[in-house]
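In: Predicted model and sequence below, questions to follow.
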Amino acid sequence: MIIAIDGFSSCGKSTIAKELAAILKLPYIDSGAMYRAVTWYFLENNIDYANELAVYDALNHISIKFVREGDQNVLYCNGQPLKAELRSMEVSNKVSEISAIPEVRVKMVTLQQQMGSNGAVMDGRDIGTVVFPEADFKFFLVADPAVRAQRRFDELKEKNENISLDEVMANLAHRDHIDSTREHSPLRKAADAIEIDNTHLNKEEQIEVILKYLNPTA
């Protein structure tokens, strides 16, 4: 079974996808973390991502895989585990721009299709439209922008990031615009996706809603 969960930034896609994968005993693939890893690599190595040749060369030197460590699905980039690095504001400020580069998307989509070919729960922005358009189930998460910003702000404060709520709101608006308007595989709801507004739903309530769609007779 392949389940695609798409939506805007800070809608809780990863949290829900991870929990759902554990319940269904399916692999969980965080496509957003993969784009963040590429972004981290570009920033760490001062790659000029406006230079097409530099991008091609960098992508040929990036290896990404997920390793199960306890109850965590840890992303490794070129053998290095990345955790807090992926969620830094430095990466967040650039990830949508770098993710919009066609060469980056082609490489990541191919890798995601390989990873999920035998079944998975995968979250992102183009899973149900581009990566797995024939997914068994597709969900599209939405939430009020102010709620999304507060969730992201609270997450960053827990990690001692020195940032204001206004900065977080501006960052999300910027990412939403780039994600939705990029030429290559933009963020959009698949025609057959089930939309879930989780503005006022907690994790358990969202999981309950999704499980009812997966097994309506239960």
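Out: Cool, the structure landed. Numbers count the residues shown, from 1 in each chain.
In: can you dump the C-alpha coordinates of the helix or strand where residue 157 lies into CSV?
Out: Following DSSP states H and E, one finds residue 157 within helix 145-158. Provided in CSV are the C-alpha atoms of helix 145-158 (Å, rounded to 0.1, in the frame of the first residue of the first chain):
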residue,chain,number,x,y,z
PRO,A,145,-1.8,30.1,8.4
ALA,A,146,-1.7,31.7,11.9
VAL,A,147,-2.0,28.3,13.5
ARG,A,148,0.6,26.8,11.3
ALA,A,149,3.0,29.7,12.2
GLN,A,150,2.4,29.2,15.9
ARG,A,151,3.1,25.5,15.6
ARG,A,152,6.4,26.2,13.8
PHE,A,153,7.3,28.9,16.2
ASP,A,154,6.7,26.7,19.2
GLU,A,155,8.8,23.9,17.6
LEU,A,156,11.7,26.3,17.0
LYS,A,157,11.5,27.8,20.5
GLU,A,158,11.9,24.3,21.9
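In: got a list of contacts for it?
Out: Residues outside helix 145-158 that contact it (C-beta atoms under 8 Å, 6 or more residues apart in numbering) are 8-12, 87, 89, 143, 163, 165, 168-169, 171-173, 176, 199. No exception for glycine: its C-beta is placed from N, CA and C like everyone else's.
In: For the protein, which segments count as strands?
Out: 2-7, 28-30, 64-69, 72-77, 80-82, 120-124, 137-142, 194-197 (DSSP state E).
In: Contact partners for the most centrally placed residue in the chain?
Out: Among the residues of the chain, the one closest to the centroid is residue 32, at 2.5 Å (C-alpha atoms, centre = their mean). With contacts defined as C-beta under 8 Å, 6+ apart, residue 32 is in contact with 13, 14, 95, 123, 124, 125.
In: re the thing from before, can you add mean pLDDT and distance to residue 182 and give the strands of the chain back as JSON lines?
Out: Shown next, in JSON lines, are the strands of the chain (pLDDT from 0 to 100; distance: least, C-beta to C-beta, whole Å):
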{"stretch": "strand 2-7", "mean pLDDT": "96", "distance to residue 182": "14"}
{"stretch": "strand 28-30", "mean pLDDT": "93", "distance to residue 182": "20"}
{"stretch": "strand 64-69", "mean pLDDT": "91", "distance to residue 182": "21"}
{"stretch": "strand 72-77", "mean pLDDT": "91", "distance to residue 182": "23"}
{"stretch": "strand 80-82", "mean pLDDT": "95", "distance to residue 182": "24"}
{"stretch": "strand 120-124", "mean pLDDT": "95", "distance to residue 182": "13"}
{"stretch": "strand 137-142", "mean pLDDT": "97", "distance to residue 182": "17"}
{"stretch": "strand 194-197", "mean pLDDT": "97", "distance to residue 182": "21"}
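In: So for residue 37, which of the ones you listed sits nearest?
Out: Closest to residue 37 of the strands of the chain, according to C-beta to C-beta: strand 72-77, at 4.5 Å.
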